[in-house]
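Novice: When you get a sec, could you give me coordinates for this:
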Amino acid sequence: MRLVMTEPAEAMERPYARRWWALLVLCLSLLIIVMANTALTVAAPAMTQDLGLSSADLQWVIDGYTVPYAALMLLLGAIGDKYSRRGALVLGLVVFGGGAVFGYLADSATTVIAARAVMGGGAAMIMPATLSLLAATFPRAERAKAITLWTATAGLAIAAGPLVAGALLEHHGWSSTFLINVPVAALAVVGAFVLVPPSRAGSRGRIDYGGGLLSVVWIAALVYMIIEGPHFGWGVKAVTAAIVAGAALVAFVVWELRHPRPLLDVRRFTDRRFAGSNLAVALFFLAVFGAFYYLTQHLQFVLGYDALDTGLRMLPLAGAVFVGSALTGYLTPRVGMKWTVTAGMVGGTAALALLTQVDAGSSYGDFVAPLIVLGLAIGLALSPCTDAIMGAFPESELGVGGAVNDTSLELGGSLGIAILGSLLATSYSGHLSDATTGSKLPASALETAQDSVGAGYAVARGIGDKARQLAEQAAHTSDPQQAERLRAQAGQLRGGARQMADAVGSSFADAVAHTSLVGAVILGAGTVVVALLLPRKEKAVEKPAAERKPETAGTR
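Specialist: Residues are numbered from 1 along each chain as shown. Prediction:
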């Protein structure tokens, strides 16, 4: 057996014998880039406390990964198609691992944000490469099953991120959540050389770098606007980003329509199956990332679970994703993707609708059913959409196809955190203001508590600490009258601390219910649009070039 796989996928007359082992490497690569975001949700509080991050710093620690990740995928996917898909995967893993080491060593907000940006650049190489290599390695008859397992891995990563991060935070600092990526990336690099056949497009012409540059500009500006506007206000930066995004998008479309070999043939979006699949992916991850954003906060802050316990309680979602993936593998060939995708989106809407019942008295048991339904929905809907998107591209553009799918995913996730996260913050602030009306809480303390649910509980703890200090003073005071006054003040403060904590918890629960309602309406409306877009009959798929004996290309 050869130590390094050198025979190109395109030169194989028969399906690659070790293709399922190759899929394991691709799924492992996907796992770490999704976990890089979900793990951060439980590591963020410790990081904030250790580095003294402001809310703006923390936001950019999260989104410093997203901007280069989303913006670079189309161009890097095309470069991987032309030169080497496996090479893009390996280089991306090396860059991602290097960024993780940088993050482990970081000691300030600036260096953490820079490390996350480097990791995002690596992820932009890895993500489209995993899908393009999958499509090049598997025959058409098995591709849907392979994509189903790829999608199930993404669902597993959503729940596994908090679990792994929580386990590390039990005994190590937040920086350990960066370092865990390094051995996994190294293992994936070795696996890529040993198990994944090299691949590239045999007929890809010159790369449309003009279109690539415009795609980077409009996607980066759009994501920046999505982050900046809802979280920091629609000032000059957000408005300028919106104008740049709009102008660059128009220029990109015009350029691509006129270019003889466009980076992305935008005419594909006139195909109902392709357009509907991209819309479904974007809407689904808008709902999933938005819900995940506030569910982890509710479990940690309101219900009081630590990082590890929070990760464990997200496992029903991961298990349900695998069940949903098995169901879609059985149902889609029999009833068609239109019905499985629509059923999945209806399930996602139902999961968000169940979360509208959350209130101050809700326990973890009230979240189990929504998590299971949401996981089933992810498994049902996403793999048929990904298969449809990849099937719309010829062999020479598989990297671009993967990038289109992943860009829809990332834009949807960014919108979900921005829109639903902003709505959550506004709703929580309003409910807390109403809940504390008539209290003697200083205006500055209320303003601090309204910033976030974590800040609200910190204010409540601060009041409780003050009560304990007064009680200790009373215990050591020789003057009986003064001691009595101090005890009375301590009692009032203890009551105020309990009242504040109750107000924060009930306000956040109400905000979760309100935000879930809006999310359900958005996803429900999107479900109707997607159901109308997707054709009833499956489009006949031409046998892809990867399954015909092609011209032999050199080893990459």
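Novice: ok, now which ones touch the residue nearest to residue 271 when sequence neighbours are not counted?
Specialist: The shortest distance from residue 271 to any non-neighbouring residue, by C-beta to C-beta, 6 or more residues apart in numbering, is to residue 392 (6.7 Å). Backbone N, C-alpha and C define where each C-beta goes, glycine included. Listed by C-beta atoms under 8 Å, 6 or more residues apart in numbering, the contact set of residue 392 reads 268, 271, 273-274, 401.
Novice: what separates residue 422 from residue 290, distance-wise?
Specialist: Using C-beta to C-beta, to the nearest Å, residue 422 is found at 10 Å from residue 290.
Novice: who has more neighbours, those two?
Specialist: residue 290 (28 against 16; other C-beta atoms under 10 Å).
Novice: Can you give me every residue that contacts the more buried one?
Specialist: Per C-beta under 8 Å, 6+ apart, neighbours of residue 290: 416-417, 419-421, 515, 519.
Novice: Regarding this structure, what is its longest helix?
Specialist: For the chain, the helix with the greatest residue count under DSSP state H is helix 480-533.
Novice: Return the distance of that helix from the chain's centre.
Specialist: How far helix 480-533 lies from its chain's middle: 25 Å, per C-alpha atoms, centre = their mean, to the nearest Å.
Novice: just checking, what packs against it?
Specialist: helix 272-297, helix 337-355, helix 421-435, helix 453-475 (3 or more C-beta pairs under 8 Å, 6 or more residues apart in numbering; DSSP states H and E).
Novice: Please identify the buried residues of the longest one?
Specialist: Burial within helix 272-297, assessed by neighbour count using 16 or more other C-beta atoms under 10 Å, is assigned to 273-297.
Novice: Can you give the contact residues for the very next helix or strand once past that helix?
Specialist: Downstream of helix 272-297, the first helix or strand assigned by DSSP states H and E is helix 307-312. Residues from elsewhere that reach helix 307-312 (C-beta under 8 Å, 6+ apart): 42-43, 159-167, 169-170, 296, 299-300.
Novice: any idea how far residue 161 is from residue 530?
Specialist: Relative to residue 530, and taking C-beta to C-beta, residue 161 is found at 27 Å.
Novice: and if you look at residue 294?
Specialist: The gap separating residue 294 from residue 530 is 24 Å, by C-beta to C-beta.
Novice: which of the contacts of residue 392 lies closest to residue 124?
Specialist: Closest to residue 124 out of the contacts of residue 392 is residue 401 (15.1 Å), distances taken as C-beta to C-beta.
Novice: Could you check what's spatially nearest to residue 300, not counting adjacent residues?
Specialist: Spatially, and ignoring its direct neighbours in sequence, residue 300 is nearest to residue 310 (5.3 Å; C-beta to C-beta, 6+ apart).
Novice: Run a quick neighbour tally on that neighbour.
Specialist: Neighbour count of residue 310, defined by other C-beta under 10 Å: 23.
Novice: Check the one 5 residues further on too.
Specialist: Here the count is done by other C-beta under 10 Å, and residue 315 has 16 residues near it.
Novice: now swap in the one 3 residues further on and tell me
Specialist: For residue 318, the count of nearby residues is 20 (other C-beta under 10 Å).
Novice: Am I right that residue 337 is in contact with residue 388?
Specialist: Yes - counting by C-beta atoms under 8 Å, residue 337 does reach residue 388; the two are 6.1 Å apart.
Novice: quick one: which helix or strand includes residue 320?
Specialist: helix 315-335.
Novice: Now for residue 187: which residues touch it?
Specialist: With C-beta under 8 Å, 6+ apart, residue 187 has these contacts: residue 28.
Novice: Okay, it and residue 432: tell me how far apart.
Specialist: Counting by C-beta to C-beta, the gap from residue 187 to residue 432 is 46 Å.
Novice: Could you turn the buried ones of the contacts of residue 290 into a ChimeraX selection?
Specialist: Here is the ChimeraX command that selects the buried residues among the contacts of residue 290 (16+ other C-beta under 10 Å):
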select :416,417,419,420,421,515,519
